[in-house]
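Visitor: Quick one: sequence and predicted model below, then my questions.
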Amino acid sequence: MIAQTRKQSAIFKRRGQWGQGACVAAAVLALAGCTHYTPEPVSIATTAARFSARTVDLDSAAAACRMAAPRAPCDAGNPDKLVLFEVLLANNPSVAAARARVASAEAAARAAHAPTGPTMTLSSEYAGADSPPWLLGIGADIPLDTGGRRAARIGTAELGVTAARYDLAEAVWTARMALVRALAEQLVSVRQGIVADRLQALQERRFAVLQRRVAQGEASRAELEHTRADLADARARVAAARARGEAALVQIAAALGVPPEQVQPLARSWPEFASPTSANTPSAADRAAALLGRPDLLKAMVLYDQAEFDLRGEVAKQYPALSVGPGFSWDHGLVKIPFNLGLALPPFDLNLRAIAAAEARRSQAGVDVEALYASAVAGIDQAMAEAAAARRSINQTRELDLPIAVRLAAQADRELAAGAIDRNDWAAAQAGLEVARLAELDALARVLAADAALEEALRRPLSGPETLLEGTGS
């Protein structure tokens, strides 16, 4: 009998050793399958060097343009807004950051599907009076990842991916609008600079003539000072045009994600730039599509859905969270297989305060959607009104003010040839024509700004090669 007992004890001892060996082997295999940390430090110096080395790859941009819009010109030698838009997509830092946030959200959504990991407890006990004296045990606590908690976690993570994608669309659109505005500002400033240079030359001629007349007693000092003020105004117009042009170049470079020196020699094509006279009034269908397809509105709806999932998760926390705890122990020669059922109880108020807070956040999200929708409607109406007013202004300038200035300048040419007026009067008439041309360019800048505001309100291009993108419509 004693021999049989010793034999059983030896068998249980070997089984315990085997169990320990199996646990060690399992731990080694688990560690071998783990992902190891690899540091990737970020250096400002490296980032600066990489940014300085960026270039505008027009050939790649033109190739991407031809794939996105087969009917568009897509000329790398004379890039238009669409080709530059492809450069923007490749280089713009805000767009790249938004893409990274999408990738991060997708990774978080995949992680949210993973079940909650179990906990494991190893136990040991030594009793010298027993034979064998050791107690060895292992126990696990495995949460049952089901029901409302899991659905809320996964749903929130997946909605985070959708929200990140809407943020990406908004970042692309914001960068595109910054590029369009900067291009318009730069092209207008170039023309304003040319006209302002001519105006300055005419005012300098007038001032020189009047200086001689004042010295000879043929003109008054007041007339000279008036001409001096006109000359100062012309010089200020030249300086302002140059400053706007330089600022626009910096804005174009920022939108394209390249250093400014990469933009200065870059040709830019905008054939319809100087004649945006056709009415770009959106139809009812355009307004409806804009209000139903704006990324900011869609993201607001996603935030509401996330608040809904948060509320669902808080409601699920009213009920106990279940977990199971299988185990194994070698109790002084006896093999035991315990099994536990765990309950994580809700708070003492049955989570009512947290549920009320989640309901308040959901109500807030719903009000935010309504407020953003109302703001979008008002933005479209305001942009349409400004676009109409800007067109009335430029039409009046081109149909009334500018023709009058042209006729007066032509009459001054004839009168000068006939000897009816002197050079000062002729230069004053020519300066009036240049001032009218500057007024036309100011009205053109207003029209372009109004068109940009209307495009931004509708979240769709209204003219130009971007309308040839597949799926954008015309």
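Guide: That came in fine, so what should we check first? On a predicted model such as this, the values are computed, not experimentally measured, just so you know. Numbering: from 1, shown residues only.

Visitor: And the strands in the stretch 1-150 of the chain, which stretches?
Guide: Assigned by DSSP state E, counting those that start in this stretch, the strands in the stretch 1-150 of the chain fall at 119-126, 134-143.

Visitor: out of these, deepest packed?
Guide: Ranked by mean neighbour count under mean count of other CB atoms under 10 Å, the strands of the stretch 1-150 of the chain are led by strand 134-143, which reaches a mean of 17. Placement of C-beta: from N, CA and C, glycine included.

Visitor: Nearest to G379, out of the strands of the stretch 1-150 of the chain?
Guide: Each of the strands of the stretch 1-150 of the chain was scored for nearness to G379 using CB to CB, and the closest is strand 134-143 (48.1 Å).

Visitor: Give the pairing partners of the closest one; include direction for each.
Guide: Here strand 134-143 has these sheet partners by DSSP bridges: strand 119-126 (antiparallel), strand 321-331 (antiparallel).

Visitor: so how far is R181 from D451?
Guide: D451 is 10 Å from R181, where distance means CB to CB, to the nearest Å.

Visitor: With E86 instead?
Guide: 18 Å.

Visitor: Settle it for me: which of those two has more neighbours?
Guide: Between E86 and R181, E86 has the larger neighbour count (other CB atoms under 10 Å), namely 23 against 20.

Visitor: which residues touch the more buried one?
Guide: Neighbouring residues of E86 by CB atoms under 8 Å, 6 or more residues apart in numbering: 60-62, 64-65, 68.

Visitor: Now with 10 Å, please.
Guide: E86 sits next to 57-58, 60-69, 74, 79 when contact means CB atoms under 10 Å, 6 or more residues apart in numbering.

Visitor: what's the angle between the lengthiest helix in the chain and strand 321-331?
Guide: In the chain, taking DSSP state H as the definition, the longest helix is helix 148-216. Here helix 148-216 points in a direction 120 degrees away from that of strand 321-331 (axes from the mean of the first three to the mean of the last three CA atoms, to 10 degrees).

Visitor: Which elements pack onto helix 148-216?
Guide: Here helix 148-216 touches helix 81-91, helix 93-112, helix 221-256, helix 295-316, helix 423-458, going by 3 or more CB pairs under 10 Å, 6 or more residues apart in numbering; DSSP states H and E.

Visitor: confidence score at L416?
Guide: Note for L416: predicted pLDDT of 90.

Visitor: Show me where the protein dips below the pLDDT cut-off.
Guide: 1-33, 129-130, 277-280, 471-474 (pLDDT under 70).

Visitor: Return the distance of the residue nearest in space to the middle of it relative to V377.
Guide: Nearest to the geometric centre of the chain sits A171, at 1.6 Å (CA atoms, centre = their mean). Counting by CB to CB, the gap from A171 to V377 is 23 Å.

Visitor: Please apply the same query to R66.
Guide: R66 sits at a distance of 37 Å from V377 (criterion: CB to CB).

Visitor: now the strands paired with strand 134-143 as CSV including distance to Q192?
Guide: What follows is the strands paired with strand 134-143, written out as CSV (distance: least, CB to CB, whole Å):
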stretch, distance to Q192
strand 119-126, 72
strand 321-331, 69
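
Visitor: Would you mind saying which of these lies nearest A201?
Guide: Between A201 and those, the shortest gap by CB to CB is with strand 321-331, which sits at 83.1 Å.

Visitor: Could I get the buried residue list for the closest one?
Guide: 321, 323, 325, 327, 329-331 (16 or more other CB atoms under 10 Å).

Visitor: Put together TSV for those residues, with distance to A445 on each row.
Guide: Listed next are the buried residues of strand 321-331 as TSV, based on distance: CB to CB, whole Å:
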residue	distance to A445
A321	63
S323	68
G325	73
G327	78
S329	83
W330	86
D331	88
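
Visitor: quick check, nearest of those to L438?
Guide: Relative to L438, the closest of these is A321; by CB to CB it sits at 73.1 Å.

Visitor: What is the distance between the host helix or strand of N395 and the centre of its chain?
Guide: According to DSSP states H and E, N395 maps onto helix 352-396. On the basis of CA atoms, centre = their mean, to the nearest Å, helix 352-396 sits 19 Å off its chain's mean C-alpha point.

Visitor: and if you look at stretch 421-431?
Guide: So, by CA atoms, centre = their mean, the centroid of stretch 421-431 is 52 Å from its chain's centroid.

Visitor: how about it: buried residues?
Guide: 421, 424, 426-431.

Visitor: Beyond the helix holding N395, next helix or strand please.
Guide: Next helix or strand after helix 352-396 toward the C-terminus (DSSP H and E): helix 402-418.

Visitor: what angle separates that next one from helix 352-396?
Guide: Here helix 402-418 points in a direction 30 degrees away from that of helix 352-396 (the same axes, to 10 degrees).

Visitor: Buried residues of helix 402-418, list them for me.
Guide: 402, 405, 408-409, 412, 416.

Visitor: of the residues you listed, closest to A109?
Guide: Among those, L402 lies closest to A109 (CB to CB), at 59.1 Å.

Visitor: Name the nearest residue to that closest one, ignoring sequence neighbours.
Guide: Spatial nearest neighbour of L402, excluding adjacent residues (CB to CB, 6 or more residues apart in numbering): A436 at 4.9 Å.

Visitor: What distance do you get for that neighbour to V190?
Guide: 19 Å.

Visitor: do the same with R165
Guide: 38 Å.

Visitor: what's F273 sitting at in phi/psi?
Guide: phi -60, psi -50 (degrees, to the nearest 10).

Visitor: Who are the contact partners of the nearest residue to it once chain neighbours are set aside?
Guide: Of all residues not flanking F273 in the chain, L187 sits nearest, at 5.5 Å (CB to CB, 6+ apart). Shown in contact with L187 (CB under 10 Å, 6+ apart): 245, 248, 268, 270, 273-274, 441, 444-445, 448.

Visitor: now L187: how far from R242?
Guide: 14 Å.

Visitor: now do A378
Guide: Distance from A378 to R242, counting by CB to CB: 37 Å.

Visitor: quick one, which of these two is more surrounded?
Guide: A count of neighbours by other CB under 10 Å puts R242 above the other of A378 and R242, at 16 against 11.

Visitor: Which residue, neighbours along the chain excluded, lies closest to that one?
Guide: G193 (6.0 Å).
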